[in-house]
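Visitor: pasted the sequence and its predicted model underneath.
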Amino acid sequence: MAVLKISGLSKSFGIKTVFENVSFEVRSGERIGLVGANGAGKTTLLKCIMGAEEADKGSVKASDGAIIGYLRQDFNYTSHTIREEMEDAWKDVLYYKDRMETLARELESSKSDEKLVEAYGRAEARFEFLGGYDYESTTRKILTGLGFSDDDWDRDIHSFSGGQKVRINLAAAFVRHPDFLLLDEPTNHLDMGMLEWLEEYLRSYKGGILMISHDRYFLDGAATGIIDLENHHIRSFRGGYTRYMETKENQDRAYEKAYEKQQEHIKETEEYIRRYKAGIKAKQARGRQSQLNRLVRLEKPVHQASLRFHFDPPQECADKVLDVLRVEGSYGSHILFKDLTIHIKKGETVGLIGPNGAGKTTILKMITGEKKPDTGFIQLGNNVKMGYYSQEQERLHPKLTVLDEVRDTFNFGEKEARNILGMFLFRGDDVFKTVGMLSGGEKARLSLLCLFLEKPNFLILDEPTNHLDIPTREIMEDAIEAFCGTCLVVSHDRYFLDKVADRILELDHGKLTEYLGNYSYYKEKKQDLEAFEKDRNGKEEEEEKETEEKKRENEHQVKTEVSAADVSKLSHVEMEIGRLEATMKMYTVQMSMNPENYAKLADEYEEAKKKLDKLYAKWDELAEKTES
């Protein structure tokens, strides 16, 4: 069993400690989720394990010969096509392939050169050991599983969408079947179908996996253990995300109680020492001081700073919030959907889901007025005020500081703006950062703040949980659940949809299907529908088979009956042929013995010959039928 062992790893940037004395192991078959707040140091830890970042202390050791694969987050490709990117992943294999071809050419002119023969043997052995004979079929299998066709192999790699680029990175990480996979946010930009494929693939993976993820549904489905990086240290837990949260909460409560109890004990002991250190009980006081000096003191629990916000009670509006009637949308010459109709009432939280490229964001842009429908119309109810959260964050101004973004947009003074920014974790000098320099998570927080300040009664959210850590996602869920207005949410976060949605709309192949429940309800009903369709198709196939069988039986019966009649006819024709052949012989004998009747006998002979020719033709026809 291969083992990846991390021992005493520490990393700091200047005076800022990222993590300290981190130790754990990843074994074959284990799938470990690495979780923690944004900025906790998860990606840095992964880079130190990979060797892309140098740790200050500690070591990383893998079993001899073990290969480590890494899923990167960036899309800074040096390759021009998927084919080139995959070839880069197989570069050592392709080196030995080229080496073998070179040696083979040299051997054509020097077949007896033993050194060349030995060199070719070594190159071939290495090529085979690295999976060289299967590299093309392995690459094809992975790319096909991730949704790429043969035509995609030679497309410009920069022309693919964000979700497709994530899948290209996944393919580059998976294609060599490494002993250990290090995955940094593998679920970002993936649609539901790809998420389920990824979960299934990882569950069947034989090697060890260490993966950073904020997708709780994914961690529940794929992880066998969780490592929590918090306050520069780690804690390990068995099971998926839900079990980890239950165990962690119990441990944290127990630790806080133990800390409080120890603090009470310290306070009581210090009070006793202070009271009796100079009196008759001075000896006992010194003894207690010695005990206190030897006491291993628990560190004060540190609670992570978290967002503090809720949406103000929205202004009243009409019961009918949104009508989308017979709308058609397209992207270039490609029609995304036709005759699309959606009705949303006040107080509903509707989840809109579907594969990447189905047209979900296009619908949102039509509702917000950024894009016009090709046909049909969209109508908002009276007094409906929209608040739109875009996953592209294009409403933010990259050159403004965080402070100026809020002051200029909402006409606040500096003190008021700072107080509100503090609620969203922008404190101290953070408010002077330019928006363009913020991380994905920080931009998401700032966009949420702007949405909060707009005071809408109809929230339109496009992938609102992207780039948010788990605690922030949970706070956002609580805020939306407490929001008394109406929500339309596009999301691939299944856990989030389970928590907030009371109706699911699935857009797939231009068709909208409604499910009156949250994501789990949708999943259950969809499985029931698929099972029903399978049963119905199975019954139809069975009925078709039965009908076909009866048809074959009837045909066989008819053929049998026809065949029996033809055999009887054939026998009769053979008898007639035999009689006519005998008659013609008789005519031949009579013509030689009765020359005076030759003319009459010759005519009768010719008449019999014509009949015989017809019988021969009839015999051929009947013989062919009975044989078939």
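Guide: Arrived safely.
Visitor: surely residue 526 and residue 519 touch.
Guide: No - counting by C-beta atoms under 8 Å, residue 519 is not a contact partner of residue 526; they are 10.3 Å apart. In this view, the C-beta of every residue, glycine as well, is placed from N, C-alpha and C.
Visitor: neighbour-wise, which of the two wins?
Guide: Each of residue 526 and residue 519 has its neighbours counted (other C-beta atoms under 10 Å); residue 519 has more, 23 against 14.
Visitor: check contacts around that one.
Guide: 351, 353, 494, 497-498, 501, 504 (C-beta atoms under 8 Å, 6 or more residues apart in numbering).
Visitor: how about it: what's its closest non-neighbour residue?
Guide: Leaving aside its sequence neighbours, residue 519 sits nearest to residue 497 (C-beta to C-beta, 6 or more residues apart in numbering; 3.9 Å).
Visitor: for residue 124, same thing?
Guide: Residue 124 sits nearest to residue 100 (C-beta to C-beta, 6+ apart), 5.8 Å away.
Visitor: do the same with residue 24
Guide: By the measure of C-beta to C-beta, 6+ apart, the closest residue to residue 24 outside its immediate chain neighbours is residue 6, 5.5 Å from it.
Visitor: wait, residue 32 sits on residue 212?
Guide: No - applying C-beta under 8 Å, one finds residue 32 not in contact with residue 212, separated by 10.2 Å.
Visitor: how near is residue 481 to residue 52?
Guide: Counting by C-beta to C-beta, to the nearest Å, the gap from residue 481 to residue 52 is 40 Å.
Visitor: and this protein, what are its domains?
Guide: 1-67+178-239, 247-294, 320-526, 549-627 (automatic domain parsing).
Visitor: need those domains in a markdown table (columns: mean pLDDT and distance to residue 168).
Guide: What follows is these, written out as a markdown table (pLDDT from 0 to 100; distance: least, C-beta to C-beta, whole Å):
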| stretch | mean pLDDT | distance to residue 168 |
| --- | --- | --- |
| domain 1-67+178-239 | 92 | 11 |
| domain 247-294 | 90 | 35 |
| domain 320-526 | 91 | 13 |
| domain 549-627 | 69 | 49 |
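Visitor: residue 75 is nearest to which of these?
Guide: domain 1-67+178-239 (10.3 Å; C-beta to C-beta).
Visitor: which residue ranges of the stretch 301-450 of the chain form strands?
Guide: 320-331, 334-345, 349-353, 375-380, 386-389 (DSSP state E, counting those that start in this stretch).
Visitor: partners of the shortest one, with directions?
Guide: Each strand that strand 386-389 pairs with, and the sense of that pairing, follows from DSSP bridges: strand 458-462 (parallel).
Visitor: quick one, helices of the stretch 401-550 of the chain?
Guide: 402-410, 414-423, 440-454, 470-482, 494-500, 519-593 (DSSP state H, counting those that start in this stretch).
Visitor: CSV for these, including distance to residue 274?
Guide: What follows is those, written out as CSV (distance: least, C-beta to C-beta, whole Å):
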stretch, distance to residue 274
helix 402-410, 49
helix 414-423, 40
helix 440-454, 48
helix 470-482, 41
helix 494-500, 52
helix 519-593, 59
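Visitor: among these, which is nearest residue 82?
Guide: helix 440-454 (24.9 Å).
Visitor: out of the helices of the stretch 401-550 of the chain, which one sits most buried?
Guide: Ranked by average neighbour count under the criterion mean count of other C-beta atoms under 10 Å, the helices of the stretch 401-550 of the chain are headed by helix 494-500 at a mean of 23.
Visitor: which residues does that helix contact?
Guide: Residues contacting helix 494-500 (C-beta under 8 Å, 6+ apart): 192, 195, 215-217, 220, 349, 351, 353, 464-465, 473, 477, 480-481, 487, 489, 491, 504, 518-520.
Visitor: just stretch 427-440 next, same as before
Guide: So stretch 427-440 is contacted by 38-39, 396-403, 405, 417-418, 421, 442-443, 446, 466-467 (C-beta under 8 Å, 6+ apart).
Visitor: in PDB, list the C-alpha atoms belonging to it.
Guide: The C-alpha coordinates for stretch 427-440 follow below in PDB (Å, rounded to 0.1, in the frame of the first residue of the first chain):
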ATOM      1  CA  ARG A 427     -11.200  45.700   8.200                       C
ATOM      2  CA  GLY A 428      -8.200  47.900   8.800                       C
ATOM      3  CA  ASP A 429      -6.100  48.500   5.700                       C
ATOM      4  CA  ASP A 430      -8.200  45.900   3.700                       C
ATOM      5  CA  VAL A 431     -10.600  48.800   2.800                       C
ATOM      6  CA  PHE A 432      -7.800  50.500   0.800                       C
ATOM      7  CA  LYS A 433      -7.200  47.500  -1.500                       C
ATOM      8  CA  THR A 434      -8.300  48.100  -5.100                       C
ATOM      9  CA  VAL A 435     -11.200  45.900  -6.200                       C
ATOM     10  CA  GLY A 436      -9.100  44.500  -9.000                       C
ATOM     11  CA  MET A 437      -6.600  43.100  -6.500                       C
ATOM     12  CA  LEU A 438      -9.100  41.200  -4.400                       C
ATOM     13  CA  SER A 439      -9.300  37.400  -4.400                       C
ATOM     14  CA  GLY A 440     -12.400  35.600  -5.800                       C
END
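Visitor: circling back to that earlier point, quick check: which of the strands of the stretch 301-450 of the chain is nearest to residue 142?
Guide: The nearest among the strands of the stretch 301-450 of the chain, by C-beta to C-beta, is strand 349-353 at 25.7 Å.
Visitor: ok, and what's touching the closest one?
Guide: For strand 349-353, contacts defined as C-beta under 8 Å, 6+ apart pick out 192, 344, 360, 363-364, 480, 486-492, 497, 500-507, 518-519, 522.
Visitor: thought residue 292 was touching residue 273?
Guide: Yes - counting by C-beta under 8 Å, residue 292 does reach residue 273; the two are 7.4 Å apart.
Visitor: mind checking which of these two has more residues around it?
Guide: Between residue 292 and residue 273, counting by other C-beta under 10 Å, residue 273 is the more crowded of the two (18 against 15).
Visitor: identify the residue nearest the spatially most central residue of the chain in space, chain neighbours excluded?
Guide: Computing the C-alpha centroid of the chain and ranking residues by C-alpha atoms, centre = their mean puts residue 195 first, at 2.1 Å. Residue nearest to residue 195 in three dimensions, not counting chain neighbours: residue 187, with 5.9 Å by C-beta to C-beta, 6+ apart.
Visitor: where do the helices sit along the stretch 101-250 of the chain?
Guide: Ranges of helices within the stretch 101-250 of the chain are 114-129, 135-145, 162-174, 192-203, 216-222, 241-276, based on DSSP H, counting those that start in this stretch.
Visitor: quick one: low-confidence ranges for the stretch 51-200 of the chain?
Guide: Within the stretch 51-200 of the chain, not a single segment meets pLDDT under 70.
Visitor: state the helix or strand in which residue 617 lies.
Guide: If you go by DSSP states H and E, residue 617 is part of helix 598-627.
Visitor: ok, how many other residues are close to the residue nearest to residue 124?
Guide: Going by other C-beta under 10 Å, the residues that sit close to residue 100 add up to 19.
Visitor: and the one 10 residues further on, by the same measure?
Guide: Residue 110: 11 surrounding residues under other C-beta under 10 Å.
Visitor: so what's it up against?
Guide: Applying C-beta under 8 Å, 6+ apart, the residues contacting residue 110 are residue 116.
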